[in-house]
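Here's a sequence, model it:
(2 chains)
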Amino acid sequence: MHNPQLNAHGELQHLLSLDGLPREILTAILDTAEPFTEVAEREIKKLPILRGKSIFNLFFENSTRTRTTFEIAAKRLSADVINLNVATSSTNKGETLLDTVDNLCAMQADMFVVRHASSGAPYLIAEHLHTTRRHDIHVINAGDGRHAHPTQGLLDMYTIRHYKQDFTGLVIAIVGDVLHSRVARSQIAALTTLGVPEVRVIGPKTLMPTDLEKLGVRVFHDMREGLRDVDVVMMLRLQNERMNGPLLPSGQEFFKVWGLTPEKLAVARPDAIVMHPGPMNRGVEIDSAVADGGQAVILPQVTFGIAVRMAVMSMLGSN
Amino acid sequence: MPQLPDANTLFAALIEQMAPHVTDDTALVGIYTGGAWLAEQLHEALGIRHPLGTIDVSFYRDDYGAKGLHPQLRRSDIPFDMEDRSVILVDDVLFTGRTTRAALNELFDYGRPARVDLAVLVDRGERQLPIAARFCGHTLATPLGGKQNLQLEKADNGSLSLRLIDA
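I've put the predicted structure just below:
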């Protein structure tokens, strides 16, 4: 079957989802990211790899941080970055997604970084490029609906490998609103592919998809049980817009049961690290004492995110 | 196949050439992989004051688009202040000059060195760019042609030797 993410040589053509990517490619991305972390320490924080390439940030859904880190990554690789403010552009005048893409291709786009509220929008673009035989144009999914957020998943893997070196002996817990989280899906796919023996998912039944066990994870509905002896705690953001709806009580009540406090964290291994994809809701899913504590690696995640996005862009640009 | 010179003899020749020019401002930067091994041994033998730098020039190569990324990229490491340093760039073999060009570009992203010299164990000729080594252990009399790679190898005991491999 045609895998839209890989080219005829089995190399990365688009990054759409971590699901379906072989371990060798995930590892190659993490390995490539490693030397990029050093670029930030130079006087001139730039490499000439994507000089003369045009990268379009197509954000149909708002995100300051993800867009900014993609922009920094592209600029550190010397690419020209064009941010399309889609909210005020042709889409509002009735242009379809693929017409927008065709127009940008006519402007010699080399890469699209796409965020869209609909799951599958980046796939649609990739398939369109495939059928119109534009194999030199690449798509990166920067988050689509509830489906996937592969670069977040990759930067999480980079962070875990940085602090824990090896995936094969780890117990890792993903905590919170798994139901609405594209980040959680990407994390589970990557952790499983990289050989993590035990992935746990902790959260209320109302925020948990029904068929989760099929993905090879253990499901917990109690924080103290689920966090016992874990090496890594990956918190998810509770999306404010879901609050006070039928699925959830108030933020304070959520915090009481599901918020990560120092007391709950105490049952994890003493050297456990705490991760969060941001933006954090302090006092909802995470206590400030944990977020600012010695076990949190939330800010390093942001820094690693730039190197990981540089790795993805440079690999796509050379394939 | 031409007789390859002994790497240790060339190393000694290189030390002899370089030693009179080493000052407190001198810093060595080795180019991965062979150049980094060589630089490590030169650094010790010449008693260089500044810590050893190493660079992987893959990101700066002009054939990057055609070749793609090498699977094993190394992290470049310049542990000294580049500003006003007298840098000696070290590589095992000088050939087309393209690696040296890439290395020069990378060096200047760390600051403005006072000067940059090039030291190589072997110059195999056939340059494609206006680049020359100031310090050179040996120059091959006859060109090898593009079909063969001349490279430095490092044994488990740390000793270096030259090897010719079909490209």
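
Look up phi and psi at residue A:6.
Residue A:6 has phi and psi values of phi -110, psi 150 when expressed as degrees, to the nearest 10.

how many neighbours does the residue nearest to it when sequence neighbours are not counted have?
Leaving aside its sequence neighbours, residue A:6 sits nearest to residue A:13 (Cβ to Cβ, 6 or more residues apart in numbering or on different chains; 5.7 Å). (Each C-beta comes from the backbone N, C-alpha and C, glycine too.) Using other Cβ atoms under 10 Å in any protein chain shown as the criterion, residue A:13 is surrounded by 23 other residues.

Please tell me how far residue A:13 sits from residue A:319.
Residue A:13 sits 6 Å away from residue A:319, taking Cβ to Cβ, to the nearest Å as the criterion.

what is in contact with these two at once?
Counting by Cβ atoms under 8 Å, 6 or more residues apart in numbering or on different chains, the shared contacts of residue A:13 and residue A:319 are A:7, A:138.

helices and strands around the helix or strand harbouring residue A:313, which ones?
Secondary structure assignment for residue A:313, by DSSP states H and E: helix A:298-318. In terms of contact count using 3 or more Cβ pairs under 8 Å, 6 or more residues apart in numbering or on different chains; DSSP states H and E, helix A:298-318 is assigned the packing partners helix A:23-36, helix A:64-76, strand A:111-116, strand A:138-144, helix A:150-164, strand A:273-275, helix B:64-67.

Not counting the fifth one itself, show me its contacts.
Under the criterion Cβ under 8 Å, 6+ apart, residues A:15-18, A:26, A:29-30, A:33, A:66, A:70, A:140-143, A:167, A:170, A:172, A:183, A:186-187, A:189-191, A:194, A:231-232, A:234, A:273, A:275, A:277, A:297, A:300-301, A:304-305, A:307-309, A:312 lie in contact with helix A:150-164.

re earlier: which of the helices and strands packed on helix A:298-318 comes out lowest on mean pLDDT?
If the helices and strands packed on helix A:298-318 are sorted by mean pLDDT, helix B:64-67 sits at the bottom with a mean of 64.

what secondary structure does residue B:91 sit in?
Classification of residue B:91 into helix, strand or coil gives strand, according to DSSP: H, G, I helix; E, B strand; the rest coil.

Measure how far stretch A:293-312 is from the centre of its chain, please.
Relative to its parent chain, stretch A:293-312 has a centroid offset of 11 Å by Cα atoms, centre = their mean, to the nearest Å.

Pull out the buried residues from it.
Along stretch A:293-312, these residues count as buried under the neighbour rule (16 or more other Cβ atoms under 10 Å in any protein chain shown): A:295-298, A:300-302, A:304-312.

where does the stretch 201-319 of chain A dip in pLDDT?
Along the stretch 201-319 of chain A, segments meeting pLDDT under 70 span A:240-247.

so which of the helices and strands packed on helix A:298-318 gets nearest residue B:87?
The closest of the helices and strands packed on helix A:298-318 to residue B:87 is helix A:23-36. By Cβ to Cβ, the value is 20.2 Å.

The closest one vs helix A:298-318, what angle?
Using axes from the mean of the first three to the mean of the last three Cα atoms, to 10 degrees, one finds that helix A:23-36 and helix A:298-318 are set 110 degrees apart in direction.

Quickly check: helix A:23-36 near chain B or not.
Yes - under the criterion of Cβ under 8 Å from any Cβ of the partner chain, chain B is reached by helix A:23-36 at A:28, A:31, A:32, A:34, A:35.

correct me, but the second one touches residue B:73?
Right, residue A:31. Yes - the pair formed by residue A:31 and residue B:73 meets the contact definition of Cβ atoms under 8 Å, at 7.0 Å.

Neighbour count for those two, which is higher?
Taking residue A:31 and residue B:73 together and counting by other Cβ under 10 Å, residue B:73 has the greater number of neighbours (19 against 16).

so who does the residue lying closest to that one once chain neighbours are set aside touch?
In space, not counting the residues next to it along the chain, residue B:73 is nearest to residue A:35; the distance is 4.7 Å by Cβ to Cβ, 6+ apart. For residue A:35, the contacting residues are B:56, B:59, B:73, B:74, B:75, B:76, by Cβ under 8 Å, 6+ apart.

where's the residue of the stretch 101-250 of chain A found nearest chain B relative to residue A:28, distance?
Using Cβ to the nearest Cβ, the point where the stretch 101-250 of chain A gets nearest to chain B is residue A:136, with a distance of 10.8 Å. Here residue A:136 is placed at a distance of 20 Å from residue A:28 (Cβ to Cβ).

Those two: who's more crowded?
In this view residue A:136 and residue A:28 are compared by other Cβ under 10 Å, and residue A:28 has more residues nearby, 17 against 11.

Go ahead and confirm that one touches residue A:315.
Yes - with contact taken as Cβ under 8 Å, residue A:28 and residue A:315 are classed as touching, separated by 7.3 Å.

Residues touching stretch A:260-267, excluding its own?
The contact list for stretch A:260-267, computed with Cβ under 8 Å, 6+ apart, reads A:175, A:223-224, A:227-229, A:233, A:235, A:272, A:274, A:285-287, A:289-290, A:293, A:295.

go on, stretch B:5-16?
Residues lying outside stretch B:5-16 but in contact with it, judged by Cβ under 8 Å, 6+ apart, are B:38, B:41-42, B:45-46, B:119, B:121-122, B:135-138, B:152, B:159-162.

the strands in chain B, which residues?
Counting by DSSP state E, the segments of chain B that form strands are B:26-31, B:53-55, B:86-94, B:115-123, B:135-139, B:148-154, B:160-166.

Give me the distance between the residue lying closest to residue B:101 once chain neighbours are set aside and residue B:95.
If the residues on either side of it in the chain are set aside, residue B:101 comes closest to residue B:129, at 5.5 Å by Cβ to Cβ, 6+ apart. Here the distance between residue B:129 and residue B:95 works out to 10 Å (Cβ to Cβ).

okay, the two: which has more neighbours?
The residue with more neighbours, out of residue B:129 and residue B:95, is residue B:95; 22 against 12, by other Cβ under 10 Å.

what sits against that one?
B:124, B:125, B:126, B:127, B:150.

can you pull the contacts of the fourth one?
So the one you mean is residue B:127. B:94, B:95, B:96, B:97.

Only the buried subset of these, as a ChimeraX command please.
Applying 16+ other Cβ under 10 Å to the contacts of residue B:127, the buried members can be selected in ChimeraX as follows:
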select /B:94,95,97
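
Which strand or helix spans residue A:191?
Taking DSSP H and E as the definition, one finds residue A:191 inside helix A:182-193.

I'd like the next helix or strand past that helix.
The helix or strand immediately downstream of helix A:182-193 is strand A:198-202, counting by DSSP H and E.

Export that next one to CSV, keeping only CA atoms.
Presented in CSV, the C-alpha positions along strand A:198-202 are these (Å, rounded to 0.1, in the frame of the first residue of the first chain):
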residue,chain,number,x,y,z
GLU,A,198,4.9,-0.2,29.7
VAL,A,199,2.8,2.8,28.7
ARG,A,200,0.1,3.8,31.1
VAL,A,201,-2.8,6.1,30.5
ILE,A,202,-4.4,7.8,33.5
